[in-house]
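>>> Sequence isn't available, so here's the structure alone:
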Ligand SMILES: Nc1ncnc2c1ncn2[C@@H]1O[C@H](COP(=O)(O)OP(=O)(O)OP(=O)(O)O)[C@@H](O)[C@H]1O
């Protein structure tokens, strides 16, 4: 089997006496959607912050694309291809959807960096940005200001902005948060369409989405990994049912 894209080895993090991450090991394989779930306060946000590089673990190692990135910060990990989407938005409300994607392309660095406005008039850049919008279903919203997009459209825009940077792993922070039923369905379909193209670590409370998208699921309880496995195995796991899924009537 090929090497994992991301591997956490025995990560520990405490806030004072509170052990929020306890010996967490998990990996994300090439092409896989790996979901991270757990009850409120289980330590998902803290773990994602450590994966993104915003928080340093007290001990343990994090490898990303065969490099030890434990000591690297957010920007260095982003440059290596770690794309975090949805919780930290780079969308500029007064720019159109197309301009936002164009800025993301320029920021990704393969073009000479200069003043935005002339750069944004480069037709090749416009074509590339339009193609990226089309891939997420926003072709007809290219000239709409980001602030006028619906919540779900904005999420799709954020995805387009991340995808143009050619991420090697997408860290998806609660994509369904705040979306209505129809929007959530469209967003799930969009993520399904990306499955296999880019590996994803999906942190999500919506169990319907998790079970539709995930190849494997890791369940975090009180900061420890309770189980990692295929969705059916996780669904059937008695510890998980008792500690977590029992709370979710839909499952
Ligand atoms: N900076 C901090 N200082 C002290 N305690 C913290 C800090 N950040 C998080 N915690 C505590 O760590 C525990 C885990 O929090 P975390 O937000 O990581 O959980 P979570 O699984 O993301 O929860 P939710 O699903 O509600 O977002 C909680 O008890 C929280 O109060």
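Received it, and whenever you're ready, just let me know what you need. Because the structure is a prediction, the values reported are computed rather than measured. Numbering: from 1, shown residues only.
>>> Show me what residue 217 is bridged to.
residue 35, residue 229 (DSSP bridges).
>>> show me what contacts it?
34-37, 210, 228-231, 234 (C-beta atoms under 8 Å, 6 or more residues apart in numbering). For every residue, glycine as well, the C-beta is placed using N, CA and C.
>>> What pLDDT is listed against it?
With respect to pLDDT, residue 217 scores 96.
>>> what pLDDT does residue 237 get?
89.
>>> Run a quick neighbour tally on it.
Applying other C-beta atoms under 10 Å, we find 18 residues neighbouring residue 237.
>>> try residue 5
24.
>>> what's near enough to touch it?
27-30, 64-65, 168-169, 199.
>>> do whichever strand or helix holds residue 227 and the ligand meet?
In the assignment (DSSP states H and E), residue 227 maps to strand 224-229. No - in terms of C-beta under 6 Å from any ligand atom, no part of strand 224-229 sits within range of the ligand; the closest distance is 11.9 Å.
>>> For residue 168, see how far away the closest residue in space to residue 197 that isn't next to it in sequence is.
What sits nearest to residue 197 in space, not counting adjacent residues and going by C-beta to C-beta, 6 or more residues apart in numbering, is residue 31, at 7.8 Å. Look at residue 31 and residue 168: by C-beta to C-beta, to the nearest Å, they are 11 Å apart.
>>> one step back: if any of the contacts of residue 217 are buried, put those into a ChimeraX selection.
Listed next is the ChimeraX selection for buried residues among the contacts of residue 217, using 16 or more other C-beta atoms under 10 Å:
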select :34,35,36,37,210,228,231,234
